[in-house]
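J.: Structure of the sequence below:
(one chain, ligands or ions: 2)
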Amino acid sequence: MTDRPIYIDGFTHQLSDLDPAETDEWLAALSEVIDVDGETRARYLMARLLEHARQRSIGVPASVSTPYINTIPPEAESPYPGDEYLEKRIRRFIRWNAAAMVIKANKKADGIGGHLSTFASSATLYEIGFNHFFHGKADGTPGDHIYFQGHATPGVYARAFLEGRLSDEQLDRFRTEIGGPGLSSYPHPRLMPDFWEYPTVSMGLGPINSIYHAQFLRYLHNRGIEDTSASRVWSFLGDGETDEPETLGSISLAGREKLDNLVWVVNANLQRLDGPVRGNGKIIQELEAMFRGAGWNVIKVIWGADWDPILARDIDGTLVNKMNAVVDGEYQRYRTESGAYIREHFFGPDPKLRALVDDMTDDDIWALRRGGLDHRKIYSAYKSATELRGAPTVIIAKTVKGWTLGPDVAGKNATHSIKKLTAEQLRTLRDRLDLQDEISDDDLESGDPPYLRFAEDSPEYRYLIGRREALNGPVPTRTLPIRIPMALPEDDAFTEFDGGSGDVEVSTTGAFTRLLRSLGRDPNIGERVVPIIPDEGRTFGMEPLFKEMGIYASEGQLYEPVDHNLILSYRESTDGQILEQGITEAGSAASWIAAATSYATRGVPMIPFYSFYSMFGFQRVGDALWAASDSRARGFLMGATAGRTTLHGEGLQHQDGHSHVLASVVPACQAYDPAFAYEMATIVKDGISRMYGNDDDVYYYLTLYNEAYAQPAKPDGVDKGIVDGLYKFADAPEGHELSATVVFSGPAHKAARAAQSELAEHFGVGADLWSATSYKRLRENALEVDRWNRLHPTQDPRVPMVTELLADGSGPIVAVTDYMRIVPDQIAPYAPRTFSSLGTEGYGRSDTREALRSFFEVDMPQVVVAVLSGLAHDGMIDDGTVQKAIDQYGIDADVAPPWQR
Ligand SMILES: Cc1ncc(C[n+]2csc(CCOP(=O)(O)OP(=O)(O)O)c2C)c(N)n1
Ligand SMILES: [Mg+2]
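T.: Numbering: from 1, shown residues only. Ligands and ions are numbered 1, 2, ... in the order given. Alright, predicted model coming up:
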């Protein structure tokens, strides 16, 4: 046994050694170098050989990691084009204002919070972007798409303030949004729709969204919808944030599709909230290996320019070895100590290293910068990233958390949560930023630090505005007029379902696929339809679309598919319309968000339909769908294979009886549970006209089922009811003494309709049937009315829609659904008569639909018993009649309820 890994390269065993003597000579030579000149020299020679081999194009794989030094050597840096003095002044004003804003907010109402340290570490990373790279939208073109790190908002506001985009009052209202023009804590387009474009504060979502956004730009381009080549996607993220699976989970997609329109900037301040990101390792090295492995261009910016002359003197690699060996916990410590400490502990132990800094004072050593704080190094990295073709770039920039905020804050474990500075600490910051002329000691004593602005005729202001003008106006800016308009679809696609399916049995999923196909052929919206699927297209019967619409593949189809001779072959192409994202709900949701916000980010409305297993929607990627509503996404989520009893056979992890509960908590989500094809088509039609005709910032969630049944024809005059959430599907059969109302949704219509016949035939009850397409909608209307009534006590009370509709009937009301009872119970307080519900509580399990419906107590006998029970409760029949029915159907009344079994 050995505790060292054994290195075998299959390749060297695969090929025969054509000249063993020559091989031995090479190996012996290398061994001698290791023994005589040491490992560093050996590594140098190996690195040179590999570099040489790559230059000669002999196809050796690139190594996944490089030493802990800058990727771009000083001699390859680009000359700096900016006015360094003015930029430094601007940066300092922004640093100050960002800190002042957080401190003031926190003073006003203790605990309201804000973050000082994140932006303090990344100010240079942003300022280089603002002054030299980020393209705005002033001329009506979309410019760049910039995902700002959520906790860096104070810096972004502080800059907007200097640019004159925000007022003193607004800065004063940071984190005070109620009742005035407040600034949201983090980037929230829902709250600041003219400003923020991308919600990033839930860690990991910004990064993954940015990847699929970059892919979507290519998709728009390759499909000929618009030329997106002038836009770049920038994503700024924290090093701690890379622990989120969403952050790194899709990086291989960007590498594979060669998304050179994508740049990530990782702010490697080595810290997250509680402590070091990798105290015992090196986050930068770890990330480098992962990104290189995924095909990204990696630019490490670790050391500032003051290190260049020291590194130049390190001829035998001792310094680089030391840089490689020290762990992040140690690097963090250095920044909280002193120059003397760094001399002792970093350079100290090795006399050769110590000699490298002999001519430097402790202050000189202390002043040595990290690369991410060096504007020239960052400029070179960005320039190189934007010029590279054929791969996405990640810039990993080493910074200091809480930089410039003084010894009590910078690099301290608690730095992330510090939101207050004492007068003394403020003075340190002021002096550090050289702002003594602008801010007096008295200003600091007051505890109310002033905001700084440049006069409009000052060189700083002119420079600041001039740079933004040269880059096409301010960023971030969300609003962009529609650039490539879209007319609404023709009616034919929807009316096709009005007549029903006759005797032919089809599922609502099948009907949707048909609708999708027709929408794809519509002259007005056809090309704007974006079907997105995470590898379940066949389950949903979507394979006909593979051939007809084609599957988007950035490099086309480089092989002949196995089913090439079939009519429904698997057709991939560069202009394919379907985004088949593979088995990634997180990725598909990100892809959907990119398409669903294209109306705003590009001025190009697109209509995405993301079809997924409903179980793996809100439950799996609920946070992404929440962020989608923040983004003001417009599009369709199609929760297929819905229902706890309808997706038979699959069992506990697949059978969804609660996505409508989860959907009910998202304000912008329009959640529908249609029973019939015509309902589904009517809802989709309404969705398109609301979102794309009326510009409502909502999205639609429809559950689709895979149970095939004869689809009824659409009754007259029900469109409004379908959209409003409830309509009468069938009148009660006439001539019965007793009456009742049965409300169904989704496939529960079967039990409801069977119960209607049974009640009439055997119990003398005429029940009318209603279809509830959206309990969420009904509840929201009732809440609004409820509130109005409460706050207008002297006026005639209003009546909720659901109450008014159900007033057209008599007898008890029973609602039956393939979802949990809490879904129909949303209307319980507003039902005009005795109300009860039947639903699918508990875990799903594998069995037939019939067995499942009996188990979950949502089948015909249960509906009959519930109606009779309601009648007994109302005193219309005696309890014995109910008991008789229970006995007659063989219902085991004493078995434990399904959710306890
Ligand atoms: C999904 C999620 N979990 C937790 C948080 C809370 N949170 C806010 S900032 C932070 C630490 C961030 O560290 P890092 O990504 O390194 O950013 P830095 O501030 O150091 O630049 C955490 C955990 C969050 N915003 N989102
Ligand atoms: Mg960090």
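J.: show me what contacts the residue most central in space within the chain?
T.: Centroid-nearest residue in the chain, with CA atoms, centre = their mean: Leu205, separated by 3.6 Å. For Leu205, the contacting residues are 199, 246, 590, 623-624, 627, by CB atoms under 8 Å, 6 or more residues apart in numbering. From N, CA and C alone the C-beta is placed, and that goes for glycine too.
J.: Can you lay out the residues you listed as TSV showing distance to ligand 1, neighbour count and pLDDT?
T.: Below are the contacts of Leu205 laid out as TSV (distance: CB to the nearest ligand atom, whole Å; neighbours: other CB atoms under 10 Å; pLDDT from 0 to 100):
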residue	distance to ligand 1	neighbour count	pLDDT
Pro199	11	26	98
Glu246	9	24	98
Ala590	15	31	98
Asp623	7	16	98
Ala624	11	25	98
Ala627	10	25	98
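J.: Could you identify the most distant pair in those?
T.: Using CB to CB, the contacts of Leu205 span at most 13.3 Å, a distance reached by Pro199 and Glu246.
J.: So which elements touch the host helix or strand of Ser869?
T.: Taking DSSP states H and E as the criterion, Ser869 maps to helix 860-873. With contacts defined as 3 or more CB pairs under 8 Å, 6 or more residues apart in numbering; DSSP states H and E, helix 860-873 has these neighbours: strand 738-744, helix 749-763, strand 765-772, strand 813-816, strand 835-838, helix 879-888.
J.: Deepest-packed of these, please.
T.: Of all the helices and strands packed on helix 860-873, strand 813-816 carries the top mean neighbour count, a mean of 28, counting by mean count of other CB atoms under 10 Å.
J.: Just the closest residue of the chain to ligand 1, please.
T.: When scored by CB to the nearest ligand atom, the chain has Gly238 as its residue closest to ligand 1, at 2.0 Å.
J.: Enumerate every residue touching that residue.
T.: Contacts of Gly238 by CB under 8 Å, 6+ apart are 118, 149, 151, 203, 266-267, 269, 272.
J.: So which of these reach ligand 2?
T.: Asn269 (CB under 5 Å from the ion).
J.: Most neighbours among the contacts of Gly238, which one?
T.: Asn269 (33 neighbours; other CB atoms under 10 Å).
J.: wait, isn't that one in contact with Asp239?
T.: Yes - using CB atoms under 8 Å, Asn269 is in contact with Asp239, at 6.6 Å.
J.: and His115, helix, strand or coil?
T.: coil (DSSP: H, G, I helix; E, B strand; the rest coil).
J.: Can you give me the distance of it to Ala100?
T.: As judged by CB to CB, to the nearest Å, His115 and Ala100 stand 14 Å apart.
J.: Next: Asp786.
T.: For Asp786, the distance to Ala100 - CB to CB - is 44 Å.
J.: Next: Val621.
T.: 38 Å.
J.: just His13 next, same as before
T.: Taking CB to CB, one finds His13 at 65 Å from Ala100.
J.: Compare the two and say which is more crowded by neighbours.
T.: The neighbour comparison of His13 against Ala100 (other CB under 10 Å) goes to Ala100, with 24 against 9.
J.: and the more buried one, what is it in contact with?
T.: 449-451.
J.: Figure out how far the longest helix along the chain is from the centre of its chain.
T.: Longest helix in the chain by number of residues, with DSSP state H as the criterion: helix 84-108. On the basis of CA atoms, centre = their mean, to the nearest Å, helix 84-108 sits 30 Å off its chain's mean C-alpha point.
J.: Starting from that helix, tell me the next helix or strand along the chain.
T.: Tracing the chain past helix 84-108, the next element assigned as helix or strand by DSSP H and E is helix 117-128.
J.: Now that next one: average pLDDT?
T.: Per-region confidence: helix 117-128 scores 97 on mean pLDDT.
J.: go on, stretch 315-332?
T.: 95.
J.: Just the buried positions in that stretch, please.
T.: Across stretch 315-332, burial judged by 16 or more other CB atoms under 10 Å covers 317-323, 326, 328-329, 331-332.
J.: Stretch 292-300 now?
T.: 292, 294-300.
J.: which residues touch the residue of the stretch 801-901 of the chain found nearest ligand 2?
T.: Nearest residue of the stretch 801-901 of the chain to ligand 2, counting by CB to the ion: Tyr843, 39.9 Å away. Residues near Tyr843 by CB under 8 Å, 6+ apart: 652, 899.
J.: cool, and Glu850?
T.: Taking CB under 8 Å, 6+ apart, one finds Asp859 in contact with Glu850.
J.: returning to that earlier point: out of the buried residues of stretch 292-300, name the ones that lie in helices.
T.: Per DSSP H, the buried residues of stretch 292-300 map to helices at Arg292.
J.: Now distance to ligand 2 too, for the buried residues of stretch 292-300, in TSV please.
T.: Listed next are those as TSV, based on distance: CB to the ion, whole Å:
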residue	distance to ligand 2
Arg292	21
Ala294	21
Gly295	25
Trp296	20
Asn297	22
Val298	18
Ile299	18
Lys300	16
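J.: Among the buried residues of stretch 292-300, find me the one that's closest to Tyr68.
T.: When the buried residues of stretch 292-300 are ranked by distance to Tyr68 (CB to CB), Lys300 comes first, at 7.9 Å.
J.: Was I right to think the closest one contacts Thr71?
T.: Yes - if you go by CB under 8 Å, Lys300 and Thr71 touch, sitting 4.7 Å apart.
J.: Looking at the contacts of Ala100, which is nearest Ser854?
T.: Tyr451 (68.9 Å).
J.: can you tell me which of the contacts of Leu205 are in helices?
T.: Going by DSSP H, the helices hold 246, 590, 623-624, 627 from the contacts of Leu205.
J.: Residue numbers of the stretch 101-250 of the chain in contact with ligand 2?
T.: 238-240.
J.: In helices, which of those appear?
T.: Using DSSP H, none of those sit in helices.
J.: Which of these fall within strands?
T.: When these are checked against strands (DSSP state E), the matches are Gly238.
J.: Kindly reformat the residues of the stretch 101-250 of the chain next to ligand 2 as a markdown table containing distance to Arg467 and pLDDT.
T.: Output for these, formatted as a markdown table (distance: CB to CB, whole Å; pLDDT from 0 to 100):
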| residue | distance to Arg467 | pLDDT |
| --- | --- | --- |
| Gly238 | 26 | 98 |
| Asp239 | 28 | 98 |
| Gly240 | 31 | 98 |
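J.: Now tabulate the residues of the stretch 101-250 of the chain next to ligand 2 in JSON lines and tack on distance to Ser122.
T.: Converted to JSON lines, those look like this (distance: CB to CB, whole Å):
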{"residue": "Gly238", "distance to Ser122": "9"}
{"residue": "Asp239", "distance to Ser122": "11"}
{"residue": "Gly240", "distance to Ser122": "13"}
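J.: All the strands of the stretch 101-250 of the chain, residue numbers only.
T.: Secondary structure of the stretch 101-250 of the chain by DSSP state E, counting those that start in this stretch: the strands cover 145-147, 233-238.
J.: before we move on, back to that, between the buried residues of stretch 292-300, which is closest to Ser78?
T.: Ile299 (12.4 Å).
J.: Tell me who's in contact with that closest one.
T.: So Ile299 contacts 71-72, 381, 384-385, 393-396 (CB under 8 Å, 6+ apart).
J.: Now do the same contact list for the closest residue to Val799 other than its chain neighbours.
T.: Residue nearest to Val799 in three dimensions, not counting chain neighbours: Val785, with 6.8 Å by CB to CB, 6 or more residues apart in numbering. Residues in contact with Val785, defined by CB under 8 Å, 6+ apart, are 798-801.
J.: could you check the distance from Val785 over to Asp808?
T.: From Val785 to Asp808 the distance is 18 Å (CB to CB).
J.: same check, this time on Arg256
T.: 58 Å.
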